[in-house]
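**Q** Got a sequence here, can you model it:
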Amino acid sequence: MRELIGQSRNGDWRSALAEQIAKAPERNRRALHTVFTDENRAAFKAVLPPLQNRRVLDLGCGSGITSIGLARWAREVVSCDLTLERVTFLALRAREMGFTNVRAVCAGDTRPLPFPEGSFDCVVLNGVLEWSAAEGSQPVREGQLAFLGEVRRILKPDGHLYVGIENRYGYTYFLGAPEDHTGVKYAALVPRWAADMLVGRTTGHPYRTYTYGCNELRDLLAEAGFPGTSFFAPIPDYRTFHELYALDGSEPRTGREAGGWRKRIKQRLERSRAFTPSYGVVAGRDKVQPSWIQELADDTRRRLSIQGDRSFPRVKVSATSTAGLIVTLQSRAVVRVALDPVCESRVAKNFAGLERAHGLAHKHKSFLCPQPLYSDRFHGVPYTVESHVSGTSYAGISEQERECGDQQAFDLLIELKTYRDAAAAVLEPADVWREMVVAPLHDLLTRLPDAGERQYVAPMLEFAERGETEPPSVGFTHGDYWWGNVLFNADQGRLALIDWDRWAEQDFSSNDLLHYICYRRMFKTGRQWSDVFSDWLQGSGADRVENAAVVKLAERTGMPATWMRSAALAYWVREVTGHHPSKLLLDIDWRQRMLRAAQSLALHLGVARKSPV
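**A** Below you'll find the predicted structure:
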């Protein structure tokens, strides 16, 4: 951390962090990238009462990424951690990112906490409560109660507490997963006295990091002065999750995901009060105030005159950090909530894409897509609302149905390329090539941190600038055309297309085709994108349906004879440069996979050099 801080003071914190991640063992790199950069770790803020104009304490802030996420919604965030190096790095990072509402404080969970009574509207304990009595000789539960009493003291009377913590009876523990804090199997499940003996014999230390089941945790909080609680299941766990499921109220539902009996059992366990792996708990001195997401859902239902169910909505968290929260209200509407500026631009682009695509769908009747309804801000947070479309996911249709489904998807993809907006200016493929391939390659060379990597990409830029092959034809594109965004059997056998955040009026017609081919192969083989892309470049792995689609697209769109070479380069550039700005720099393993795919691409283009990766 000291080296990271020194480098951050002398330059860009992202470059400094990238250098430190590169030095870490390969098995730790992805975790480090997530811990330091994934603002979705703070997505639990949606289940808190609105944070606008509120003062928040992030106690035990760690790397500070949760504080950054909270600061986008709150008036002020005080980030507190026992490790001086962590809060120093957070202060440097927050200042460089332009946050004036983040204040870093070096302090731990010792009592008393270094804040006056009634200082905060909200206190966040994300992975902290279980450690609050780890030191000392006081009985563990009593120590945790005393700590919670201090938290209650510094909260305002109408303030709220958020606790992220493992479930003592999480189903993975029954399957033999080691207890998260001691690394000892079954330590959480057995009685405390037995756990103390088991952990002591295994580690040489007493067991002092107590976690709790649902009722036990509810009782602990009530005893500490927080009788009002709302329990949520962050799935798969409270640190990194893709869904927030409300555990209070009705019995758990299995959700809409398709799969075999094992997957359905897993889904039910994840959404079970008793066996979910971890909890996200909102607690108050009295009853818990409605959450931000519940208020937004109620406001949307009111504006759209949606009657009936007023339960907590289905909340998904985008895995890509670009789509934000995706909130489904029954089968009527989908709300997209931006979590950061990059996400905000993608959510806005999705709405614009729906406006264009819905007009096409209405005119041509060949496919369905959500109808854009309205965009707005709620407590200062931007969001959009679109209609909900039904259908079956690719994973949900049978093996026998998939060949027909693939044929439908390829046919629709090709049909989309023939659509033209008469009012739009027609761009020449050479102009699009300069904008979508040559310029991004120039930018890529400046962003790659390693000189060897830059030397490896340079020949592809030279190839692109020489224009040795004609660019592919240009047409209307979905931009993220893969089986996850295609719904089958939507209405009278038609397909539905969702997630239009990468659409373009005029882009290379081949990009959607190659994207569907690669992700279809990934589904069928279980291999990574870089591997299936390399196979396609080498001419292997294609089946009858895929070959027919390639020929048909070339014929319908008037592709030049050498289109596959230029199409491959255009698609690789889009996949490498089209992600969140931090991914290329900080996700080193992903970057190296992309460059390994580039080795096959360079051979395909005839510009191969020795690989540096």
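**Q** residue nearest the centroid of this structure?
**A** Against the mean C-alpha coordinate of the chain, by C-alpha atoms, centre = their mean, the closest residue is Ala319 at 2.4 Å.
**Q** Next, work out how far apart that residue and Arg273 are.
**A** As defined by C-beta to C-beta, to the nearest Å, Ala319 lies at a distance of 25 Å from Arg273. No exception for glycine: its C-beta is placed from N, CA and C like everyone else's.
**Q** Sort out which residues of stretch 10-22 are buried, please.
**A** Trp13, Arg14, Ala16, Leu17, Ala18, Glu19, Gln20, Ile21 (16 or more other C-beta atoms under 10 Å).
**Q** hey, C-alpha coordinates of stretch 131-151 in CSV?
**A** What follows is stretch 131-151, C-alpha atoms only, in CSV (Å, rounded to 0.1, in the frame of the first residue of the first chain):
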residue,chain,number,x,y,z
TRP,A,131,-14.9,-8.3,13.6
SER,A,132,-15.9,-5.8,16.2
ALA,A,133,-15.2,-8.1,19.1
ALA,A,134,-12.3,-10.0,17.6
GLU,A,135,-9.8,-8.6,20.1
GLY,A,136,-10.1,-8.6,23.9
SER,A,137,-11.5,-11.0,26.5
GLN,A,138,-15.1,-9.8,26.7
PRO,A,139,-17.6,-12.4,25.6
VAL,A,140,-18.0,-12.0,21.9
ARG,A,141,-21.7,-11.3,21.7
GLU,A,142,-21.4,-8.7,24.5
GLY,A,143,-18.6,-7.0,22.7
GLN,A,144,-20.6,-6.8,19.5
LEU,A,145,-23.6,-5.4,21.4
ALA,A,146,-21.4,-2.7,23.0
PHE,A,147,-20.1,-1.8,19.5
LEU,A,148,-23.6,-1.6,18.1
GLY,A,149,-24.5,0.6,21.1
GLU,A,150,-21.8,3.0,20.0
VAL,A,151,-23.1,3.0,16.5
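**Q** And for it, what's in contact with it?
**A** 59-60, 109, 111-113, 123, 125, 129-130, 161, 181, 192, 207-210, 220-221, 223-226 (C-beta atoms under 8 Å, 6 or more residues apart in numbering).
**Q** and Glu26, how many neighbours?
**A** When neighbours are counted by other C-beta atoms under 10 Å, Glu26 registers 10.
**Q** Run through the residues that contact it.
**A** Asp589.
**Q** Mind pulling up the pLDDT for it?
**A** We note a pLDDT of 83 for Glu26 in this prediction.
**Q** ditto for Thr392
**A** Listed pLDDT for Thr392 reads 89.
**Q** I'd like to know how far Arg285 sits from Gly228.
**A** 7 Å.
**Q** those strands in the stretch 151-300 of the chain, which residues are they?
**A** Secondary structure of the stretch 151-300 of the chain (DSSP state E, counting those that start in this stretch): strands at 155-166, 228-236, 241-246, 278-284.
**Q** Rebuild these as CSV, extending it with mean neighbour count.
**A** Compiled in CSV, those are given as follows (neighbours: other C-beta atoms under 10 Å):
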stretch, mean neighbour count
strand 155-166, 21
strand 228-236, 22
strand 241-246, 21
strand 278-284, 25
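**Q** Let me have those strands in a markdown table, adding mean pLDDT as columns.
**A** Converted to a markdown table, those look like this (pLDDT from 0 to 100):
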| stretch | mean pLDDT |
| --- | --- |
| strand 155-166 | 97 |
| strand 228-236 | 96 |
| strand 241-246 | 95 |
| strand 278-284 | 98 |
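**Q** so which of these comes closest to Gly405?
**A** strand 241-246 (24.7 Å; C-beta to C-beta).
**Q** ok now that closest one, how far from the chain's centre?
**A** 12 Å (C-alpha atoms, centre = their mean, to the nearest Å).
**Q** next one: stretch 39-53
**A** 15 Å.
**Q** And stretch 71-89, by the same measure?
**A** The answer for stretch 71-89 is 22 Å, by C-alpha atoms, centre = their mean.
**Q** try stretch 481-498
**A** Relative to the centre of its chain, stretch 481-498 is centred 22 Å away, using C-alpha atoms, centre = their mean.
**Q** That one: which residues count as buried?
**A** 481-483, 485-490, 494-498.
**Q** Would you mind checking which of these is nearest to Ala333?
**A** Closest approach to Ala333 among the buried residues of stretch 481-498 (C-beta to C-beta): Ile498, at 13.1 Å.
**Q** what about the closest residue to that closest one other than its chain neighbours, distance to Gly260?
**A** Leaving aside its sequence neighbours, Ile498 sits nearest to Asn485 (C-beta to C-beta, 6 or more residues apart in numbering; 5.3 Å). Counting by C-beta to C-beta, the separation of Asn485 from Gly260 is 23 Å.
**Q** Equivalent analysis for Lys185, please.
**A** 27 Å.
**Q** Tell me which of these two has more neighbours.
**A** Lys185 (15 against 7).
**Q** Would you mind naming the residues that bridge with the more buried one?
**A** According to DSSP bridges, the partner residues bridging Lys185 are Pro178.
**Q** Let me know the pLDDT of it.
**A** pLDDT for Lys185: 96.
**Q** hang on, it packs against Glu179?
**A** Yes: between Lys185 and Glu179 a contact is recorded at 7.1 Å, counting by C-beta atoms under 8 Å.
**Q** what about Ala107, neighbour count?
**A** So Ala107, with other C-beta under 10 Å, has 15 neighbours.
**Q** Could you do Ile154 as well?
**A** Neighbour count for Ile154, taken as other C-beta under 10 Å: 19.
**Q** One more: Gln52?
**A** The number of residues near Gln52, taken as other C-beta under 10 Å, comes to 12.
**Q** which element follows the helix ranked longest in the chain toward the C-terminus?
**A** Secondary structure assigned by DSSP state H gives helix 341-364 as the longest helix of the chain. Next in sequence after helix 341-364, counting helices and strands by DSSP states H and E, comes strand 367-368.
**Q** Run the chain-centre distance for that next one.
**A** 27 Å.
**Q** Could you list every helix and strand in contact with it?
**A** strand 494-497 (3 or more C-beta pairs under 8 Å, 6 or more residues apart in numbering; DSSP states H and E).
**Q** Mind listing the strands the helix or strand just after the strand it packs on pairs with, and their directions?
**A** Scanning forward in sequence from strand 494-497 by DSSP H and E, the next helix or strand is strand 504-508. Partners of strand 504-508 in the sheet, by DSSP bridges, are strand 474-477 (antiparallel).
**Q** So for stretch 216-226, what gets flagged as buried?
**A** Using 16+ other C-beta under 10 Å as the test for burial, stretch 216-226 gives Leu217, Arg218, Leu220, Leu221, Ala224, Gly225, Phe226.
**Q** Which pLDDT does the model give the fifth one?
**A** I take that to be Ala224. Taking Ala224 on its own, its pLDDT is 97.
**Q** I figured it was touching Leu161, is that so?
**A** No: counting by C-beta under 8 Å, Ala224 stays clear of Leu161, with 9.1 Å between them.
**Q** what's the overlap in contacts for the two?
**A** By C-beta under 8 Å, 6+ apart, Ala224 and Leu161 have these common neighbours: Leu148, Val151, Arg152.
**Q** between those, which is nearest Arg41?
**A** Val151 (20.6 Å).
**Q** how about the closest residue in space to the residue nearest to the centre of the chain that isn't next to it in sequence, what does it touch?
**A** Spatially, and ignoring its direct neighbours in sequence, Ala319 is nearest to His242 (5.6 Å; C-beta to C-beta, 6+ apart). Taking C-beta under 8 Å, 6+ apart, we find His242 in contact with Ile235, Pro236, Lys316, Val317, Ser318, Ala319.
**Q** what about Ala187, neighbour count?
**A** By the criterion of other C-beta under 10 Å, Ala187 has 26 neighbours.
**Q** Leu339 versus that one, what's the distance?
**A** From Ala187 over to Leu339 the distance is 35 Å, taken as C-beta to C-beta.
**Q** Then Pro227?
**A** Plainly put, Pro227 is 31 Å away from Leu339 if you go by C-beta to C-beta.
**Q** what's the pLDDT at Gly421?
**A** One thing to correct before we go on: residue 421 is Asp, not Gly. pLDDT for Asp421: 66.
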